[in-house]
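Colleague: Any chance you can model this:
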Amino acid sequence: MPQQVTRNPSEVPRSGRRLSNRLHALIRWLHIYSSLLGFLTVLFFSVTGITLNHPDWFGTGHESVREASGQLPEQLLPVAPSEVDSLSVVEFLRSEHQITAGVRDFQQDDDQLSIAFAGPGYSADIWVDRTSRDYQLTETRLGLVAVINDLHKGRDTGPMWSAVIDISAVILVLISLTGIILLCWLRRRWRSGLATILGGSLLFAVITWMALA
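Modeller: Here you go, the predicted structure:
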């Protein structure tokens, strides 16, 4: 006769509790360290949200405008517009005037070239006369508030800062989701916590609807 194996009734629940405890520890670890990792991100986008929403409180900071002029080398500006090497022209102007911002626009016709550089809180516009090869530069540098506002919006910031924004968004989502999951482990508070989340979400939806109406 096959021998019967008796099981402790508490074995399965105990293994389930161990799995639950490990999952709880993992979620708590993710929440704590994603919060620490994203601390400066949350602070930055919170502060710049206020500066963007209330520009009259802060202004744009100190603004400086610089004008300069010069002449392009003859080899950079042939007669036919199609022969202009835009990259060489841009690099020449960067070197001459220490411009580090990206190129927003480069246009040319039979009479002139127009090149626009742009970065956070920065712009430089250059007009080149094709006949004389003379150019005029107008460079504008705005203050710190304008710079951080442009960083908040991701305007003229380049691919590296765009990646920073994407990573920051992922971190904020992770903080939010792990916080909600941790709430579910609090037996005495999860109902009131979820009710608060629901109430806040409904309030946000109503305010959004009223703002768009």
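Colleague: so how far is stretch 69-78 off the chain centroid?
Modeller: Relative to the centre of its chain, stretch 69-78 is centred 37 Å away, using CA atoms, centre = their mean, to the nearest Å.
Colleague: Tell me the spacing between residue 62 and residue 160.
Modeller: Applying CB to CB, to the nearest Å, the value for residue 62 to residue 160 is 26 Å. To be clear about C-beta, it is placed using only N, CA and C from the backbone, and glycine gets the same treatment.
Colleague: Tell me which of the two has more neighbours.
Modeller: residue 62 (11 against 7; other CB atoms under 10 Å).
Colleague: any idea of the pLDDT on the more buried one?
Modeller: Confidence at residue 62, expressed as pLDDT, is 71.
Colleague: That one contacts residue 145, doesn't it?
Modeller: No - taking contacts as CB atoms under 8 Å, residue 62 lies outside contact range of residue 145: 9.5 Å.
Colleague: where do the contact lists of those two overlap?
Modeller: Common neighbours of residue 62 and residue 145, using CB atoms under 8 Å, 6 or more residues apart in numbering, do not exist here.
Colleague: How is the protein partitioned into domains?
Modeller: Domain assignment for the chain by automatic domain parsing gives 11-37+157-212, 64-141.
Colleague: Any idea which of the ones you listed gets closest to residue 150?
Modeller: domain 64-141 (3.8 Å; CB to CB).
Colleague: Give me the helices and strands touching the helix or strand residue 25 falls within, please.
Modeller: Using DSSP states H and E, residue 25 sits in helix 11-37. The contact analysis (3 or more CB pairs under 8 Å, 6 or more residues apart in numbering; DSSP states H and E) places helix 11-37 against helix 158-183.
Colleague: No further questions, thank you.
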